[in-house]
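Asker: Just need the structure, nothing else, for what follows:
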Amino acid sequence: MSESLRQTILKLLSEQDTYISGQELSERLGVSRTAIWKHISALKEKGYEIESIPNKGYRLLNTPNRLIPEEILRNLKTTTLGKKIVFFEEIDSTNTQAKESALDYPEGTIFLAEAQTKGRGRLGRSWSSIPGKGIWCSVLLKPSLDPTFAGQFPLLTAVAIAETFHNLGVDAKIKWPNDLLVDGKKICGILTEMGAELDRINYLVIGFGINVKHKLEDFPKEIRTIATSLEMVLKKEVDRVQLLCDILLKLEKYYFQLLKEGFEPIRKLWKEYTCTLGHEVKISRFNELPLFGKALDLNPDGSLLFELPDGQIINVHSGEIGLQ
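Answerer: Purely as a prediction, here's the structure:
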């Protein structure tokens, strides 16, 4: 069945409150009434509540609260990001899937899952991704840039998500380089991975996991004191489809701005949202001794300008920040 035809039927049903007859849908779309009936049946199987009355037609009553492509495409206002969606009910990791098939899909494709069995964050840490509670999404980008620019993209993504949260009334802060915290508790993690040659990026996969509908008991016991969700903060229901569409719209805006104007406008916004700069911190690094000192500034390449206890100033390009 044509996904675009099903999408058009859904659009027509959602645009009016009255019934649309099968005959009218058939004539407007140029297909048989049998084809219309099959598409309506397929939509019902995906969770759409569609009333069917003889001699009246079809009427959309409710949409499913799921991150299915039909709902995202119906609400999405981007020009590139999310126009192609690869959806899984359950998968090991959306980042893994995006990397494995990056060369087969166009820029802007998103890989989305209702649940991940091997969700992961930076430094190989696992990320709890239980069904129906969060947004587990990876965005495929193919910028014509040198690999040295790759470090700017997780910062850009953090700005897009932080700004979306602020529009909801959530005072999210960015912990360098790209964790989002609310009241000191983690609400979103970002993992960027890359395929590249010496002088060019072949693809970037920007994965983000957002805790949206979790209650405290949904988190593993070991992270209940350090994790939170949007609904725990706002104390009201959050529409995951609209949230994802809003994030993709902002991410696309800042992505194109970076390509056109460079990183400086994004850097300024990142500094407005961060909780890292000006604070004494500990930086844990893979296979290296931790660093203690003060986070001074964000460099134009996305690295952290850092002051050691002896006054020496260094640039830190990676690590896990612990606020003191």
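
Asker: so for stretch 314-324, what's the average pLDDT?
Answerer: Mean pLDDT, stretch 314-324: 83.

Asker: Just name the shakiest helix or strand of this protein by mean pLDDT.
Answerer: None of the helices or strands of the chain scores lower by mean pLDDT, DSSP states H and E than strand 320-323, at a mean of 79.

Asker: Run the chain-centre distance for it.
Answerer: Computed by Cα atoms, centre = their mean, to the nearest Å, the chain-centroid distance of strand 320-323 equals 23 Å.

Asker: residue ranges of the strands in the stretch 101-250 of the chain, please?
Answerer: Using DSSP state E, counting those that start in this stretch, the strands of the stretch 101-250 of the chain run over residues 110-113, 134-141, 173-175, 179-182, 185-196, 201-211.

Asker: Show me what the nearest residue in space to Ile91 that is not next to it in sequence is bridged to.
Answerer: Nearest residue to Ile91 in three dimensions, chain neighbours excluded: Ala113, at 4.6 Å (Cβ to Cβ, 6 or more residues apart in numbering). No exception for glycine: its C-beta is placed from N, CA and C like everyone else's. According to DSSP bridges, the partner residues bridging Ala113 are Phe88, Trp136.

Asker: residue contacts, Ala113?
Answerer: By Cβ atoms under 8 Å, 6 or more residues apart in numbering, the contact set of Ala113 is 87-91, 94, 129, 136.

Asker: Least confident of those?
Answerer: Comparing pLDDT over these, the lowest score belongs to Ser129 (72).

Asker: Please report how far Phe256 lies from Glu27.
Answerer: Distance from Phe256 to Glu27, counting by Cβ to Cβ, to the nearest Å: 40 Å.

Asker: Same question for Ile266.
Answerer: In terms of Cβ to Cβ, Ile266 sits 49 Å off from Glu27.

Asker: Mind checking which of those two has more residues around it?
Answerer: Between Ile266 and Glu27, counted using other Cβ atoms under 10 Å, Ile266 has the larger neighbour count: 23 against 11.

Asker: Help me confirm that the more buried one is found in a helix?
Answerer: Yes: under DSSP: H, G, I helix; E, B strand; the rest coil, Ile266 sits within a helix.

Asker: Please name the nearest non-neighbouring residue to it.
Answerer: Leu156 (5.1 Å).

Asker: contacting residues around that neighbour?
Answerer: Shown in contact with Leu156 (Cβ under 8 Å, 6+ apart): 251, 254-255, 258, 263, 266.

Asker: Leu141 versus that one, what's the distance?
Answerer: On the measure of Cβ to Cβ, Leu156 and Leu141 end up 10 Å apart.

Asker: Could you tell me the model confidence score at Lys271?
Answerer: Listed pLDDT for Lys271 reads 96.

Asker: Show me the shaky parts of this protein.
Answerer: The chain contains residues with pLDDT under 70 at 1-2, 119-128, 323-324.

Asker: So in terms of bridging, what pairs with Leu140?
Answerer: Assigned bridge partners for Leu140, using DSSP bridges, are Val205.

Asker: Can you name the residues that contact the residue lying closest to Val139 once chain neighbours are set aside?
Answerer: Using Cβ to Cβ, 6+ apart and skipping the chain neighbours, the partner closest in space to Val139 is Ile206 (4.7 Å). Contacts for Ile206 were tallied using Cβ under 8 Å, 6+ apart; they are 138-139, 141, 153-154, 157, 190-192, 251.

Asker: now, which of those sits nearest Lys173?
Answerer: Minimum distance to Lys173 across those is 13.9 Å, recorded for Ile190 (Cβ to Cβ).
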